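**Student:** Here's my sequence, what's the structure:
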Amino acid sequence: MKKTFLLLFIFTTFQNYCQSNQILDFKPGYSPETIYNQTVTNSSDYEMTYSGSEKLLEVLKKNGTENPVKIKSSFNVETVSKTGKIDKDGNFPITIEYLKAFDKDGKSVIPSGTLLYGNATLSSMPKLDSIVGKGMEENFKNSIFQMVQSTFNQLALPEKKLKAGESFSQESPLTLPIAGINFEMVIKTTYNLKSFTTKSAFFDIVQSYTMKLADTRFESSGSGNGTGKLVYDIPNHFVSENTLNMELNLNLKHTDFNIDLKSKSDYSQLAKISKK
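**Tutor:** Predicted structure coming up:
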(Lines give C-alpha, C1' and ligand atoms only; values in the text may rest on other atoms or scores of the structure.)
Protein backbone atom coordinates (compact mmCIF):
# COMPACT_ATOMS: atom_id res chain seq x y z
CA MET A 1 0.00 0.00 0.00
CA LYS A 2 2.85 2.37 0.92
CA LYS A 3 4.67 1.52 -2.31
CA THR A 4 1.52 2.20 -4.33
CA PHE A 5 1.05 5.56 -2.61
CA LEU A 6 4.71 6.43 -3.17
CA LEU A 7 4.55 5.56 -6.87
CA LEU A 8 1.34 7.58 -7.25
CA PHE A 9 2.94 10.55 -5.47
CA ILE A 10 6.05 10.38 -7.70
CA PHE A 11 3.94 10.08 -10.87
CA THR A 12 1.69 13.00 -9.91
CA THR A 13 4.64 15.20 -8.98
CA PHE A 14 6.42 14.33 -12.24
CA GLN A 15 3.29 14.99 -14.27
CA ASN A 16 2.73 18.39 -12.62
CA TYR A 17 6.39 19.25 -13.16
CA CYS A 18 6.16 18.41 -16.85
CA GLN A 19 2.95 20.39 -17.31
CA SER A 20 4.38 23.43 -15.55
CA ASN A 21 7.43 23.36 -17.81
CA GLN A 22 5.60 22.87 -21.09
CA ILE A 23 6.04 25.79 -23.47
CA LEU A 24 3.45 27.10 -25.90
CA ASP A 25 4.81 28.28 -29.24
CA PHE A 26 2.39 31.15 -29.85
CA LYS A 27 2.61 32.43 -33.44
CA PRO A 28 -0.87 33.35 -34.72
CA GLY A 29 -1.36 33.90 -38.43
CA TYR A 30 -2.73 32.54 -41.67
CA SER A 31 -1.52 29.34 -43.35
CA PRO A 32 -1.37 28.48 -47.06
CA GLU A 33 -4.09 26.33 -48.67
CA THR A 34 -6.53 26.85 -45.79
CA ILE A 35 -10.15 27.99 -45.46
CA TYR A 36 -11.28 30.28 -42.61
CA ASN A 37 -15.00 30.76 -41.98
CA GLN A 38 -15.31 33.66 -39.56
CA THR A 39 -18.18 35.37 -37.75
CA VAL A 40 -17.80 38.74 -36.05
CA THR A 41 -20.48 40.39 -33.92
CA ASN A 42 -20.19 43.77 -32.27
CA SER A 43 -22.68 45.83 -30.28
CA SER A 44 -22.18 49.27 -28.73
CA ASP A 45 -24.13 51.67 -26.54
CA TYR A 46 -23.15 55.34 -26.53
CA GLU A 47 -24.41 58.12 -24.29
CA MET A 48 -23.20 61.69 -24.86
CA THR A 49 -24.29 64.42 -22.46
CA TYR A 50 -23.94 68.16 -23.07
CA SER A 51 -23.78 70.66 -20.23
CA GLY A 52 -23.13 74.39 -20.13
CA SER A 53 -24.92 77.70 -20.33
CA GLU A 54 -28.70 77.94 -20.64
CA LYS A 55 -28.18 79.60 -24.03
CA LEU A 56 -26.26 76.60 -25.34
CA LEU A 57 -28.82 74.12 -24.06
CA GLU A 58 -31.60 76.18 -25.64
CA VAL A 59 -29.81 76.14 -29.00
CA LEU A 60 -29.45 72.35 -28.79
CA LYS A 61 -33.13 72.03 -28.00
CA LYS A 62 -34.17 74.24 -30.94
CA ASN A 63 -31.96 72.17 -33.26
CA GLY A 64 -33.73 69.03 -32.12
CA THR A 65 -30.64 67.64 -30.43
CA GLU A 66 -31.52 65.29 -27.60
CA ASN A 67 -29.60 65.60 -24.37
CA PRO A 68 -28.23 63.12 -23.57
CA VAL A 69 -27.74 61.65 -27.03
CA LYS A 70 -28.14 57.86 -26.88
CA ILE A 71 -27.04 55.63 -29.73
CA LYS A 72 -27.20 51.85 -30.03
CA SER A 73 -25.40 50.08 -32.84
CA SER A 74 -24.56 46.53 -33.76
CA PHE A 75 -23.45 44.49 -36.72
CA ASN A 76 -22.98 40.88 -37.67
CA VAL A 77 -20.42 39.93 -40.31
CA GLU A 78 -19.72 36.54 -41.87
CA THR A 79 -16.73 36.05 -44.15
CA VAL A 80 -14.81 33.21 -45.73
CA SER A 81 -11.09 33.61 -46.33
CA LYS A 82 -9.19 31.25 -48.63
CA THR A 83 -5.44 31.06 -48.98
CA GLY A 84 -3.46 29.62 -51.87
CA LYS A 85 -0.14 27.85 -52.32
CA ILE A 86 3.01 29.28 -50.82
CA ASP A 87 5.72 30.41 -53.26
CA LYS A 88 9.51 30.19 -53.00
CA ASP A 89 9.65 33.58 -51.26
CA GLY A 90 7.21 32.51 -48.54
CA ASN A 91 4.23 34.49 -49.85
CA PHE A 92 0.77 33.08 -50.51
CA PRO A 93 -2.41 34.73 -51.84
CA ILE A 94 -5.54 35.32 -49.76
CA THR A 95 -9.09 36.05 -50.89
CA ILE A 96 -11.69 37.36 -48.43
CA GLU A 97 -15.37 37.14 -49.38
CA TYR A 98 -18.18 38.83 -47.46
CA LEU A 99 -21.08 36.38 -47.12
CA LYS A 100 -23.26 38.52 -44.83
CA ALA A 101 -22.88 41.94 -43.19
CA PHE A 102 -25.94 43.37 -41.43
CA ASP A 103 -26.63 46.06 -38.85
CA LYS A 104 -29.13 45.85 -35.97
CA ASP A 105 -32.01 46.68 -38.32
CA GLY A 106 -31.10 43.92 -40.76
CA LYS A 107 -29.77 46.40 -43.31
CA SER A 108 -26.80 45.31 -45.39
CA VAL A 109 -23.71 47.36 -44.54
CA ILE A 110 -21.36 45.57 -46.96
CA PRO A 111 -22.86 43.89 -50.07
CA SER A 112 -22.69 40.09 -50.08
CA GLY A 113 -20.10 38.87 -52.56
CA THR A 114 -17.66 41.71 -51.94
CA LEU A 115 -14.13 40.38 -52.45
CA LEU A 116 -10.77 41.55 -51.13
CA TYR A 117 -7.47 40.26 -52.45
CA GLY A 118 -4.02 40.32 -50.92
CA ASN A 119 -0.98 38.34 -49.82
CA ALA A 120 0.29 36.98 -46.53
CA THR A 121 3.23 35.08 -45.08
CA LEU A 122 3.54 32.62 -42.22
CA SER A 123 4.85 35.43 -40.01
CA SER A 124 2.77 38.43 -41.10
CA MET A 125 -0.90 39.35 -41.45
CA PRO A 126 -2.36 39.89 -44.94
CA LYS A 127 -1.56 42.99 -46.95
CA LEU A 128 -4.46 43.81 -49.23
CA ASP A 129 -4.01 45.07 -52.76
CA SER A 130 -7.53 45.28 -54.27
CA ILE A 131 -11.27 45.11 -53.64
CA VAL A 132 -14.13 44.12 -55.97
CA GLY A 133 -17.78 44.87 -55.22
CA LYS A 134 -20.83 45.24 -57.44
CA GLY A 135 -22.74 48.52 -57.36
CA MET A 136 -20.38 50.14 -54.84
CA GLU A 137 -19.12 53.71 -55.09
CA GLU A 138 -15.36 54.14 -55.15
CA ASN A 139 -15.30 56.10 -51.88
CA PHE A 140 -17.24 53.35 -50.13
CA LYS A 141 -14.97 50.64 -51.53
CA ASN A 142 -11.91 52.56 -50.41
CA SER A 143 -13.31 52.98 -46.89
CA ILE A 144 -13.97 49.22 -46.63
CA PHE A 145 -10.50 48.45 -47.98
CA GLN A 146 -8.84 50.75 -45.43
CA MET A 147 -11.03 49.48 -42.59
CA VAL A 148 -10.16 45.83 -43.23
CA GLN A 149 -6.44 46.56 -43.64
CA SER A 150 -6.48 48.57 -40.41
CA THR A 151 -8.21 45.66 -38.67
CA PHE A 152 -5.48 43.26 -39.81
CA ASN A 153 -2.84 45.65 -38.50
CA GLN A 154 -4.57 45.83 -35.11
CA LEU A 155 -5.02 42.05 -34.91
CA ALA A 156 -1.35 41.33 -35.49
CA LEU A 157 0.05 39.62 -32.38
CA PRO A 158 3.73 38.99 -31.64
CA GLU A 159 5.23 35.52 -31.65
CA LYS A 160 5.91 34.32 -28.12
CA LYS A 161 7.04 31.24 -26.25
CA LEU A 162 4.98 31.06 -23.05
CA LYS A 163 4.42 28.86 -20.04
CA ALA A 164 1.05 28.69 -18.30
CA GLY A 165 0.72 31.75 -16.06
CA GLU A 166 2.95 33.96 -18.20
CA SER A 167 1.69 37.00 -20.08
CA PHE A 168 2.65 39.61 -22.66
CA SER A 169 1.35 43.08 -23.51
CA GLN A 170 1.16 45.31 -26.54
CA GLU A 171 0.03 48.88 -27.16
CA SER A 172 -1.93 50.26 -30.09
CA PRO A 173 -3.25 53.76 -30.90
CA LEU A 174 -6.92 54.68 -31.06
CA THR A 175 -8.42 57.85 -32.55
CA LEU A 176 -12.00 58.80 -31.65
CA PRO A 177 -13.55 61.73 -33.56
CA ILE A 178 -16.15 63.34 -31.28
CA ALA A 179 -17.87 66.67 -31.91
CA GLY A 180 -15.23 67.56 -34.50
CA ILE A 181 -12.36 66.82 -32.12
CA ASN A 182 -10.00 63.85 -32.36
CA PHE A 183 -9.35 62.09 -29.07
CA GLU A 184 -5.98 60.32 -29.21
CA MET A 185 -5.76 57.30 -26.92
CA VAL A 186 -3.50 54.32 -26.36
CA ILE A 187 -4.87 50.83 -25.74
CA LYS A 188 -2.69 48.52 -23.67
CA THR A 189 -3.76 44.89 -24.02
CA THR A 190 -2.36 42.17 -21.78
CA TYR A 191 -2.76 38.49 -22.69
CA ASN A 192 -2.33 36.00 -19.85
CA LEU A 193 -1.94 32.33 -20.73
CA LYS A 194 -4.14 30.41 -18.30
CA SER A 195 -3.70 26.88 -19.64
CA PHE A 196 -3.26 24.85 -22.82
CA THR A 197 -3.70 21.37 -24.23
CA THR A 198 -2.31 19.78 -27.38
CA LYS A 199 -5.07 21.48 -29.42
CA SER A 200 -6.00 24.76 -27.72
CA ALA A 201 -4.52 27.51 -25.56
CA PHE A 202 -6.69 29.70 -23.33
CA PHE A 203 -5.88 33.34 -22.55
CA ASP A 204 -7.47 35.99 -20.34
CA ILE A 205 -7.43 39.51 -21.80
CA VAL A 206 -7.22 42.77 -19.85
CA GLN A 207 -7.25 46.17 -21.56
CA SER A 208 -6.66 49.71 -20.35
CA TYR A 209 -7.29 52.94 -22.30
CA THR A 210 -5.38 56.14 -21.56
CA MET A 211 -5.24 59.58 -23.16
CA LYS A 212 -2.19 60.08 -25.35
CA LEU A 213 -2.63 63.67 -26.51
CA ALA A 214 -5.28 66.24 -25.66
CA ASP A 215 -6.32 69.07 -27.99
CA THR A 216 -4.66 72.15 -26.49
CA ARG A 217 -7.77 74.23 -27.17
CA PHE A 218 -9.73 72.14 -24.70
CA GLU A 219 -9.30 70.40 -21.39
CA SER A 220 -9.95 66.73 -22.03
CA SER A 221 -9.56 63.46 -20.19
CA GLY A 222 -10.45 59.87 -20.81
CA SER A 223 -9.99 56.33 -19.59
CA GLY A 224 -11.42 52.89 -20.14
CA ASN A 225 -10.95 49.21 -19.63
CA GLY A 226 -11.79 45.90 -21.21
CA THR A 227 -11.81 42.22 -20.33
CA GLY A 228 -12.14 39.14 -22.49
CA LYS A 229 -11.03 35.68 -23.52
CA LEU A 230 -8.93 34.35 -26.38
CA VAL A 231 -8.67 30.77 -27.62
CA TYR A 232 -5.68 29.86 -29.77
CA ASP A 233 -5.96 26.89 -32.16
CA ILE A 234 -2.50 25.34 -31.79
CA PRO A 235 -2.41 22.96 -34.82
CA ASN A 236 -3.62 25.75 -37.13
CA HIS A 237 -1.79 28.54 -35.21
CA PHE A 238 -4.82 30.80 -35.48
CA VAL A 239 -7.11 32.63 -33.05
CA SER A 240 -10.32 30.59 -33.14
CA GLU A 241 -12.22 32.64 -30.55
CA ASN A 242 -11.85 36.17 -29.24
CA THR A 243 -14.32 38.02 -26.99
CA LEU A 244 -14.06 41.48 -25.43
CA ASN A 245 -16.25 43.61 -23.19
CA MET A 246 -15.16 47.25 -23.16
CA GLU A 247 -16.10 50.45 -21.32
CA LEU A 248 -14.89 53.94 -22.13
CA ASN A 249 -15.40 57.36 -20.52
CA LEU A 250 -14.36 60.66 -22.11
CA ASN A 251 -14.75 64.24 -20.94
CA LEU A 252 -14.26 67.47 -22.88
CA LYS A 253 -14.32 70.86 -21.15
CA HIS A 254 -14.57 74.27 -22.78
CA THR A 255 -15.36 77.69 -21.41
CA ASP A 256 -18.88 77.46 -22.84
CA PHE A 257 -19.74 73.75 -22.65
CA ASN A 258 -18.84 70.28 -21.42
CA ILE A 259 -19.27 66.94 -23.19
CA ASP A 260 -19.31 63.62 -21.36
CA LEU A 261 -19.25 60.39 -23.35
CA LYS A 262 -19.85 56.92 -21.96
CA SER A 263 -19.72 53.82 -24.10
CA LYS A 264 -20.01 50.07 -23.67
CA SER A 265 -19.10 47.59 -26.38
CA ASP A 266 -19.20 43.82 -26.75
CA TYR A 267 -17.10 42.11 -29.42
CA SER A 268 -16.99 38.46 -30.44
CA GLN A 269 -15.04 36.68 -33.18
CA LEU A 270 -15.30 32.97 -34.01
CA ALA A 271 -13.37 31.06 -36.66
CA LYS A 272 -13.76 27.58 -38.14
CA ILE A 273 -10.65 26.36 -39.93
CA SER A 274 -10.35 23.64 -42.57
CA LYS A 275 -7.78 22.56 -45.10
CA LYS A 276 -8.43 22.61 -48.83
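**Student:** which non-adjacent residue is nearest Val221?
**Tutor:** No, residue 221 isn't Val; it's Ser. Leaving aside its chain neighbours, Ser221 sits nearest to Asn251 (5.0 Å; criterion: Cβ to Cβ, 6 or more residues apart in numbering). Placement of C-beta: from N, CA and C, glycine included.
**Student:** Just the element for that neighbour, please.
**Tutor:** strand 238-253 (DSSP states H and E).
**Student:** Lys88 too?
**Tutor:** Lys88 belongs to no helix or strand, assigned by DSSP H and E.
**Student:** Contact partners for it?
**Tutor:** Counting by Cβ atoms under 8 Å, 6 or more residues apart in numbering, Lys88 touches no other residue.
**Student:** Please report how far it lies from Glu54.
**Tutor:** 72 Å (Cβ to Cβ, to the nearest Å).
**Student:** can you count the residues close to Thr189?
**Tutor:** 19 (other Cβ atoms under 10 Å).
**Student:** Look up how far Asn139 lies from it.
**Tutor:** The separation that Thr189 has from Asn139, given Cβ to Cβ, amounts to 31 Å.
**Student:** Determine how far the strand holding Asn251 lies from the middle of the whole chain.
**Tutor:** The chain centroid and the centroid of strand 238-253 are separated by 8 Å under Cα atoms, centre = their mean, to the nearest Å.
**Student:** before we move on, what about stretch 160-179?
**Tutor:** With Cα atoms, centre = their mean, you get 10 Å for stretch 160-179.
**Student:** Equivalent analysis for stretch 245-265, please.
**Tutor:** Distance, centroid of stretch 245-265 to centroid of chain: 22 Å (Cα atoms, centre = their mean).
**Student:** what comes up buried for it?
**Tutor:** 245-248, 250-252, 257, 259, 261-263, 265 (16 or more other Cβ atoms under 10 Å).
**Student:** mean confidence score for that stretch?
**Tutor:** Across stretch 245-265, pLDDT averages out at 88.
**Student:** what about the helices in this protein?
**Tutor:** 2-20, 54-62, 138-155 (DSSP state H).
**Student:** weakest of those by average pLDDT?
**Tutor:** Minimum mean pLDDT among these: helix 2-20, a mean of 46.
**Student:** Could you count how many residues lie near Asn42?
**Tutor:** Neighbours of Asn42 using other Cβ under 10 Å come to 15.
**Student:** got a list of what the closest residue to it other than its chain neighbours touches?
**Tutor:** Nearest non-adjacent residue to Asn42, counting by Cβ to Cβ, 6+ apart: Tyr267, 5.0 Å away. Contact analysis of Tyr267 by Cβ under 8 Å, 6+ apart lists Val40, Thr41, Asn42, Gly228, Asn242, Thr243, Leu244, Asn245, Met246.
**Student:** Check the buried residues of stretch 245-265 and tell me the two furthest apart.
**Tutor:** Asn245 and Phe257 (30.7 Å; Cβ to Cβ).
**Student:** can you pull out the strands in the chain?
**Tutor:** 24-26, 34-52, 69-83, 91-103, 115-121, 124-132, 160-162, 167-178, 181-196, 200-213, 219-233, 238-253, 257-275 (DSSP state E).
**Student:** Can you convert those strands into a markdown table and add a column each for distance to Val59?
**Tutor:** Formatted as a markdown table, the strands of the chain follow (distance: least, Cβ to Cβ, whole Å):
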| stretch | distance to Val59 |
| --- | --- |
| strand 24-26 | 54 |
| strand 34-52 | 10 |
| strand 69-83 | 15 |
| strand 91-103 | 31 |
| strand 115-121 | 44 |
| strand 124-132 | 42 |
| strand 160-162 | 53 |
| strand 167-178 | 19 |
| strand 181-196 | 18 |
| strand 200-213 | 28 |
| strand 219-233 | 22 |
| strand 238-253 | 17 |
| strand 257-275 | 10 |
